[in-house]
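>>> Generate coordinates for the sequence data below:
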Amino acid sequence: MSGTVLREKTLGLSEAEAAARLLRDGPNEVAEERAPRPLARFLLQLTAPLTAILLVAGVLSMTVLGQVVEGIGILVIVVLNGVLAAVEEARADRAITALRDLTAPTATVERDGRIRRLPAAELVVGDLVMLRAGDAVPADVRLVELSSLAVDEAMLTGESLPAEKDLDETAFAGTVVVRGGGRGVVVAVGGQSAVGRLAASLGRSPRTPLQRELGDVARKLGLAAALIGLALVAALWWNDPGAWQLALLAGVAIAVAAVPEGLPAVVTGALALGAHRMARRGAIARRLESVETLGSTSVLCTDKTGTLTTGKLAVVAAEPAPGVLPDELWLAAARANEADRTPSGWTGDPVDVALKEGAHRTLDREPVLGDLLGTEPFDASTRRMAAVHRTADGTVLTVKGAPEAVLPLCAPAPGLSAEIDRMTGAGLRVLVLAEGHSAVGFEPDWQRFTVESFPLRTLGVIGLADPLRESAVGTIAELRRAGIRVVLVTGDHPETAAVIAGQAGIDRDRVVTGAELAGHTDRAAALVEADVVARVDPETKLALVEAHRAAGAVVAMTGDGVNDAPALRTAHVGVALAGSGGTDVARQAAALVVTDDDLRTVVDAVREGRRIYRNIRTVVSYLITANVKLVATVLAMMALVPAVGVPLLPVQILWLNFMTEGPPAVALGVDRAPGDPLADPPRRAGERLLSARRLLALVMGGLKVAAAMVAVGLVAAWWGFSAEEIRTELLVTSAITQLLLVFAVRAHRWPFERGWTRNHALLLTVAGTALLQVLVLTVPVLRDALGLVPMGRDGIALAVGGAVTALLLYSVSNRLAAHWGWSR
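Numbers count the residues shown, from 1 in each chain. Here you go, the predicted model:
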């Protein structure tokens, strides 16, 4: 414990001087990885493996094959795809940046003698900054006033113990105030601060897991396309060395057919839109990948106060110790207290506010507290708070805290244990108050003084109630229905925690405390089995997250304090509660920030995360099925009807991929398909978006559709259609099939069975894409550019019949597979 030490008194900078320095030195921001410029973004898209294959195909068509129009067509579509992908990526970056700005750190400064809160980015050298426990230090500051100030500098030094600060020492930007408070003058901002210099030495941020997996899918598809194309070229050339141009054209067609050009842009857009939807509900994603990861959550570790409960504490019981007057108990409650009075009422920690309100309501007069000499702020490890006052009768030490933290420091108080048991059994939060006195004129040696060195007597016990939110029971039920196990993590007494858990609908068969776990022989197993963890400390929270992660769960952890930061950072999805008690440190450590502290908002975010992942799976299914269909059709037709040559030209395949599959894929990516995503079980940790089994199922689906298309091609050849007419027939059949498959893939079993008429965006997209196909067939310039010819009634009927047959083959086989329990 220490008293307040002051070096100098200042009113801070003037607003005019601060504005001038901000203009001169720039904002107090660490140089982040710069977003690529538009041209760089576009060129980066062209280096992707799938795009590189298309570029090679376009160049070969123009130079080697002499297909100038087709080559230009391929390159134009590649450029358009690159532009759209770059634009979508830039939009996603801007969306996440805007969401991060909503949770940007702030600072309390004194300017012109007035205290104000402003964005930390607006701090300048010379500003006078206020610091309190839970704050992230917003800039490098020289300390000019202290009150028991201790700072966690682990991010800079690696030292796990907090650093006690003295006057004129520097508190560095990005470190965390874990105890006490003070004021400091800013001496360095932005890139000139210690953390700014450190950031300048860092490289690019790593890719997200979803980005890595999509990149892996792209590489595999690209490799498959290259190998199939090369094998086809080699086989055709070996059969007829003089037909090398046909062989090369076929290889180019296969390479183009195997590439799902729009996949990266569609997935990025789906994630960005999901983040926007979550933000509208009060859940702000600070990292794009957290949108998808949250939907995979299988274990949610949640605190109690303000999340399950209202967070509005009120004193409902008070019992003085034998021989203690009620006024003595309430005077102590007002002394061991850091709440401040404002024109609108009391502000500060909810416990302190409740005690202040209770004291002022109970005492007949304004309590005379004395002069505050020093404090020992509440600490999660000691579970107590203490304050020392100078009064007319001498020095008074007042302590409040958990019963097991305070009672061992005091002389025995008969009868209080039964009252404590009664209150905890009723679900109340219980605090014990005690005090010690010294003679007039005595003041402790602040460098050696400890609470334990003061003789204390118990004054009594106070019980506080924090009622459940009205929505708590329904919210927990929704989480359980979603397959998410809820673990209650709280600093309360285990009996109190068990009562609250039971009221909310959380299992309470296994209630443990942090102290019990510390001595457990198999601590990790005990943590995984626990339903309620009471009297928890920061280290136990971190161990809880690590234990569940090691057991294979996808863990979300809620928190709002500085001590929650390690657990928030370690969880798959750290959820910072940014209500009135939320700290900057928790917000910066978390992947998701909930602005209203309501667990319903987390449920909504989980629902959105699952919807997004379901949509991404649907898009991948749709695009890969389509590409397998095209590859198989080209190979089968070349084998069965060699006179046609290449049954679909590269430019025709690109048209199908880009203009027929692309728009519906975008609509699927942002779809709100009927059915509650919470009904789906959570995805297992490490489960891949495209496992070998799933890829096999998609290949089989593509082959079913290809069988119908090949049948159309064979019938057209039997009817004596020319090569151009057969290509036209196959292109139209493929286009109609893809538009119908949108509904089959979305419904998973029967098309048109799951409220397909409600998705107006999807219907409009399909209608617009169908209109494009009509224009291509009827406008001579477009028709000639794609190498198509007019279709007669027989040809149209054949194409429609083939598409319907493909849809039936795909849907019936999937229905049977589901009925027999086979995986899709």
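>>> switch to C-alpha atoms for all contacts and neighbour counts from now on
Will do.
>>> Which pLDDT does the model give residue 431?
Residue 431 is assigned a pLDDT of 94 by the prediction.
>>> Same check on residue 797?
Value listed for residue 797 in the pLDDT field: 94.
>>> who does whichever helix or strand residue 601 is part of touch, helix- and strand-wise?
Here residue 601 sits within helix 599-640, counting by DSSP states H and E. Applying 3 or more C-alpha pairs under 8 Å, 6 or more residues apart in numbering; DSSP states H and E, we find helix 599-640 packed against helix 244-257, helix 263-280, strand 283-285, helix 288-294, helix 472-481, helix 662-669, helix 692-718, helix 723-747.
>>> Tell me the buried residues in the helix or strand containing residue 804?
Assigned by DSSP H and E, residue 804 belongs to helix 793-819. Burial within helix 793-819, assessed by neighbour count using 16 or more other C-alpha atoms under 10 Å, is assigned to 795, 798-811, 814-815.
>>> quick revisit: any idea which of the helices and strands packed on helix 599-640 is most buried?
Of all the helices and strands packed on helix 599-640, strand 283-285 has the most neighbours on average by mean count of other C-alpha atoms under 10 Å, namely a mean of 29.
>>> what does the average pLDDT come to for it?
79.
>>> just to revisit the earlier point, what angle sits between the helix holding residue 804 and helix 692-718?
Counting by axes from the mean of the first three to the mean of the last three C-alpha atoms, to 10 degrees, helix 793-819 lies at 160 degrees to helix 692-718.
>>> Which secondary structure elements does helix 793-819 sit against?
Here helix 793-819 touches helix 692-718, helix 723-747, going by 3+ C-alpha pairs under 8 Å, 6+ apart.
>>> among those helices, which is nearest residue 601?
For the helices and strands packed on helix 793-819, proximity to residue 601 was assessed by C-alpha to C-alpha; helix 723-747 is nearest, at 26.7 Å.
>>> What is that closest one packed up against?
Contact analysis of helix 723-747 by 3+ C-alpha pairs under 8 Å, 6+ apart lists helix 599-640, helix 662-669, helix 692-718, helix 760-778, helix 793-819 as its packing neighbours.
>>> Tabulate those (JSON lines), appending distance to residue 125.
Below are these laid out as JSON lines (distance: least, C-alpha to C-alpha, whole Å):
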{"stretch": "helix 599-640", "distance to residue 125": "39"}
{"stretch": "helix 662-669", "distance to residue 125": "47"}
{"stretch": "helix 692-718", "distance to residue 125": "58"}
{"stretch": "helix 760-778", "distance to residue 125": "52"}
{"stretch": "helix 793-819", "distance to residue 125": "67"}
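>>> do you know which of those lies nearest residue 744?
Closest of the helices and strands packed on helix 723-747 to residue 744 is helix 793-819, at 6.6 Å (criterion: C-alpha to C-alpha).
>>> could you give the angle of the closest one to helix 723-747?
Angle, helix 793-819 to helix 723-747, by the same axes, to 10 degrees: 30 degrees.
>>> Now tell me what touches stretch 661-680 from outside.
Outside stretch 661-680, the residues that touch it by C-alpha atoms under 8 Å, 6 or more residues apart in numbering are 262, 266-267, 269-270, 273-274, 478, 481-482, 606-608, 610-612, 615-616, 618-619, 622-623, 626, 738-739, 742, 746, 754-755, 759, 761-762, 765-766, 769.
>>> ok so, going back, orientation of the helix holding residue 601 relative to helix 263-280 in degrees?
Going by the same axes, to 10 degrees, helix 599-640 makes 160 degrees with helix 263-280.
>>> Helix 599-640: what's the following helix or strand?
helix 650-655.
>>> on contacts alone, who are the packing partners of that following helix?
Using 3+ C-alpha pairs under 8 Å, 6+ apart: helix 650-655 touches helix 68-102, helix 244-257.
>>> So for the one helix or strand residue 374 maps to, mean pLDDT?
Per DSSP H and E, residue 374 falls inside strand 371-379. Strand 371-379 carries an average pLDDT of 80.
>>> Please state the offset of it from the chain centre?
Distance, stretch centre to chain centre, for strand 371-379: 37 Å (C-alpha atoms, centre = their mean, to the nearest Å).
>>> Convert the C-alpha atoms of it to PDB, please.
The C-alpha trace of strand 371-379 is given here as PDB (Å, rounded to 0.1, in the frame of the first residue of the first chain):
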ATOM      1  CA  ASP A 371      -8.500  12.400   5.100                       C
ATOM      2  CA  LEU A 372      -7.600   9.600   2.700                       C
ATOM      3  CA  LEU A 373      -3.900   8.700   3.200                       C
ATOM      4  CA  GLY A 374      -3.700   5.700   0.900                       C
ATOM      5  CA  THR A 375      -5.400   2.600  -0.600                       C
ATOM      6  CA  GLU A 376      -4.800  -1.000  -1.500                       C
ATOM      7  CA  PRO A 377      -7.000  -1.400  -4.600                       C
ATOM      8  CA  PHE A 378      -9.000  -4.600  -5.000                       C
ATOM      9  CA  ASP A 379      -6.900  -7.500  -6.300                       C
END
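>>> Direction included, what does it pair against?
Strand pairing for strand 371-379, using DSSP bridges, gives strand 2-6 (antiparallel), strand 384-391 (antiparallel).
>>> Out of these, which gets the lowest mean score?
Least confidently modelled of these is strand 2-6, at a mean of 42 by mean pLDDT.
>>> in the stretch 301-450 of the chain, which spans are helices?
Taking DSSP state H, counting those that start in this stretch to define them, one finds helices in the stretch 301-450 of the chain at 326-335, 350-362, 403-406, 416-425.
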